[in-house]
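Participant: Give me a 3D structure for the following:
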Amino acid sequence: MKADREEILRRLTLGDVTFLDALISDRGSLSGCACLDPVGESLAKLGALIGTDGSDLTWHQTVAAALDAGVTPDEVVDALVALAPSVGRTRVIAVAPKVALAIGFDVASALEAR
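Facilitator: Here you go, the predicted structure:
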């Protein structure tokens, strides 16, 4: 589906869920116009998850997809810090252990070492 920015925003503003579903389905296809590269899309999804939280499985899947797309563990942590002014310090502190576990950092051992 080919649509420009203004048409997308107009239809989303009107609450056109069918149109949104079509856009989502077309992402990644040759005809779909995805402007974000895989790294950018992964970081956007990570940012959304930081803002909304989710299950441990969701964290592992989202972070694993980001790492597979080429995001480094340092970039995952940097995204967490960069979002703090937008989502709030409390949210960042609350999700930090989930992010740590998802990137393979042994939080329990690190806390015991202190």
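Participant: quick one: V71 and S42 touch, right?
Facilitator: Yes - assessed by C-beta atoms under 8 Å, V71 is found in contact with S42 at 5.3 Å. The way it works is simple: take the backbone N, C-alpha and C, and place the C-beta from them, glycine included.
Participant: which one of those two has more residues nearby?
Facilitator: More neighbours surround S42 than the other of V71 and S42, with 24 against 21 (other C-beta atoms under 10 Å).
Participant: Stretch 55-62: which residues count as buried?
Facilitator: Residues W59, H60, T62 are the ones in stretch 55-62 that count as buried (16 or more other C-beta atoms under 10 Å).
Participant: Let me fix that, I meant to ask about stretch 5-21.
Facilitator: I8, R11, F19.
Participant: Can you lay out those as a markdown table showing secondary structure and pLDDT?
Facilitator: Formatted as a markdown table, these follow (DSSP: H, G, I helix; E, B strand; the rest coil; pLDDT from 0 to 100):
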| residue | secondary structure | pLDDT |
| --- | --- | --- |
| I8 | helix | 90 |
| R11 | helix | 93 |
| F19 | helix | 92 |
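Participant: Which member of the residues you listed is positioned nearest R91?
Facilitator: Closest to R91 out of these is I8 (28.2 Å), distances taken as C-beta to C-beta.
Participant: how far away is that closest one from G51?
Facilitator: For I8, the distance to G51 (C-beta to C-beta, to the nearest Å) stands at 21 Å.
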